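Enquirer: here are the coordinates; sequence isn't available:
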Ligand SMILES: [Zn+2]
């Protein structure tokens, strides 16, 4: 035992690259597994983020289409000069107060 460990120590001191080889292989494999799990977790996180971004974009888009009221000066809305409400550009009269839209 003492001779072997002595030889290993000698090998380590002679070849610095051997230090990595002398490391407990089981430990390395465990570390490897950990790294792989982290990688998977990161990948999962990435996928989640992508999905969230996609969802946000979809919500943004549908918000643009459905939320004409919040978009002042949009080509699809007409601002009533009397009550300042926004109306669909197709309307000739204000939906809210009946004022004629220009
Ligand atoms: Zn109006």
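Expert: Thanks, I have it. Quantities reported herein were computed from a predicted structural model and do not represent experimental measurements.
Enquirer: what residues are up against residue 4?
Expert: Taking Cβ atoms under 8 Å, 6 or more residues apart in numbering, we find residue 4 in contact with no residue. Using the backbone N, CA and C atoms, a C-beta is placed for each residue, glycine as well.
Enquirer: Would you mind measuring from it to residue 57?
Expert: 62 Å (Cβ to Cβ, to the nearest Å).
Enquirer: how about the residues of the protein near the ion?
Expert: 80, 82, 83, 85, 94, 96, 97, 99 (Cβ under 5 Å from the ion).
Enquirer: ok, residue 102 touching residue 82?
Expert: No: between residue 102 and residue 82 there is no contact under Cβ atoms under 8 Å: 10.8 Å.
Enquirer: Point to the helix or strand of the chain where mean pLDDT is at its lowest.
Expert: helix 18-22 (a mean of 63; mean pLDDT, DSSP states H and E).
Enquirer: what about the nearest residue to residue 99 once chain neighbours are set aside, neighbour count?
Expert: Leaving aside its sequence neighbours, residue 99 sits nearest to residue 82 (Cβ to Cβ, 6 or more residues apart in numbering; 3.9 Å). Burial of residue 82 is recorded as 12 neighbouring residues (other Cβ atoms under 10 Å).
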